[in-house]
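Enquirer: Below are the sequence and a predicted model; questions follow.
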Amino acid sequence: MLIEGKCHCGNISFSLTWEPDPILIQARACSCSFCSKHGGVWTSNPHGILRIAVKDPTLVSKYAFGTGNASFHTCACCGVVPVVTSRIEGRLHAVVSVNAFEGIDPARIRRESADFDGEDSGARLARWKRNWIANVEYIEGGT
Amino acid sequence: MWSTSKAAPKQFERVGGVEGGMVGAMRSAVVRVTATCHCGAVHIHVRKAPRTLTQCNCSICRRYGALWAYYVPSSVQIEAPRSALESYSWKNRIRNYYRCKKCGCVTHYEYRKQSDWNTVGVNAVNFDPAVIAGARIRRLDGAKTWKFLD
């Protein structure tokens, strides 16, 4: 299935190809200090294909904290964070926000809390490499 | 003393980065509970911890992942450098949604001046989790019916 999402104003949008169709979309409500203050609920399929399109790259803030390995792409117009990316061993990986989905029945999303406190940087990157979407195209100036 | 302004919550600029450096009525205010963005640039002081929170499924609230606590303007004080806040509004522009310019945390919304409403929505996810642990969360169908779903 094709899952589409965007920030509120549409500056940052994404399309995620997820095959085969998931019966339930597992999502992680991360309890870290950033995600809990952003209501961040993320999902990823390591075999998915993600296309991120940014209309105006000057209106994207990439806030980083902690180890600095993850970039939170915040739309500088509307303030929504639709995607998080990390470059791992030279390859761009990403998760997407289920809060930014368009046209997906919320009943299809299973939100579970996730607590990764205490995980060291190496273990975290290994988990991201294992679970995050690894086929990511980031298009600036696109629609 | 708390501000008595009904138009908007008072905004104070932190001067010198110390409590005693804040200007105006803030110095003598009875501060009970404070919400803080991730980077710490924006602090919102309110009189009481919220007992009820609203989780709305409308196009903007769901994207912000916000939990709204409602206050009258006179019981909200915003402490932030003047350049630290950005706002967003759309369509009929009834409300301004404010966020920290640096870390992006959505801190609060206010009705615009021409509105008949003046409630301030404080995003309760910025409180210490212990502050809102006992609050009831109500689910508002802001996307369709504007009625509570529970």
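Expert: Received, thanks.
Enquirer: and chain B, which residues reach chain A?
Expert: By the rule Cβ under 8 Å from any Cβ of the partner chain, the part of chain B lying against chain A is B:37-39, B:57, B:59-60, B:62-67, B:86, B:88, B:90, B:97, B:99, B:102-106, B:125-126, B:129. Backbone N, C-alpha and C define where each C-beta goes, glycine included.
Enquirer: Please, where are all the helices along chain A?
Expert: In chain A, the helices defined using DSSP state H lie at A:33-38, A:121-131.
Enquirer: Run through who's touching the longest one.
Expert: Read it as helix A:121-131. The contact list for helix A:121-131 (Cβ atoms under 8 Å, 6 or more residues apart in numbering or on different chains) reads A:Ser44, A:Pro46, A:Thr67, A:Asn69, A:Ala70, A:Ser86, A:Ile88, A:Glu89, A:His93, A:Phe116, A:Glu119.
Enquirer: count of neighbours near B:Cys39?
Expert: Number of residues near B:Cys39 (other Cβ atoms under 10 Å in any protein chain shown) recorded here: 17.
Enquirer: How about the secondary structure of the nearest residue to it once chain neighbours are set aside?
Expert: Spatial nearest neighbour of B:Cys39, chain neighbours left out: B:Cys103 (4.0 Å); criterion: Cβ to Cβ, 6 or more residues apart in numbering or on different chains. The local conformation at B:Cys103, judged by DSSP: H, G, I helix; E, B strand; the rest coil, is coil.
Enquirer: Also B:Ser74?
Expert: Under three-state DSSP, B:Ser74 comes out as helix.
Enquirer: Please name the residues that touch the closest residue to A:Lys6 other than its chain neighbours.
Expert: Spatial nearest neighbour of A:Lys6, excluding adjacent residues (Cβ to Cβ, 6+ apart): A:Ser13 at 3.9 Å. A:Ser13 sits next to A:Glu4, A:Gly5, A:Lys6, A:Cys7, A:Ile52, A:Ala53, A:Pro82, A:Thr143 when contact means Cβ under 8 Å, 6+ apart.
Enquirer: Any of the residues of chain B next to chain A buried? List them.
Expert: Neighbour counting over those (16 or more other Cβ atoms under 10 Å in any protein chain shown) leaves B:37-39, B:60, B:62-67, B:86, B:88, B:97, B:99, B:102-106, B:125-126 as the buried ones.
Enquirer: so where's chain B shaky on pLDDT?
Expert: B:1-31 (pLDDT under 70).
Enquirer: go again using 90 as the cut-off
Expert: By pLDDT under 90, the low-scoring segments of chain B are B:1-32, B:82, B:90-94, B:112-118.
Enquirer: What of chain A?
Expert: A:30-33, A:62-69, A:113-121, A:141-143.
Enquirer: Smallest gap between it and chain B, at which residue?
Expert: Nearest to chain B in chain A, going by Cβ to the nearest Cβ, is A:Gly39, at a distance of 1.4 Å.
Enquirer: Tell me which residues touch the residue lying closest to that residue once chain neighbours are set aside, please.
Expert: Spatial nearest neighbour of A:Gly39, excluding adjacent residues (Cβ to Cβ, 6+ apart): B:Gly65 at 1.4 Å. B:Gly65 makes contact with A:His38, A:Gly39, A:Gly40, A:Val41, A:Asn99, B:Val125 under the criterion Cβ under 8 Å, 6+ apart.
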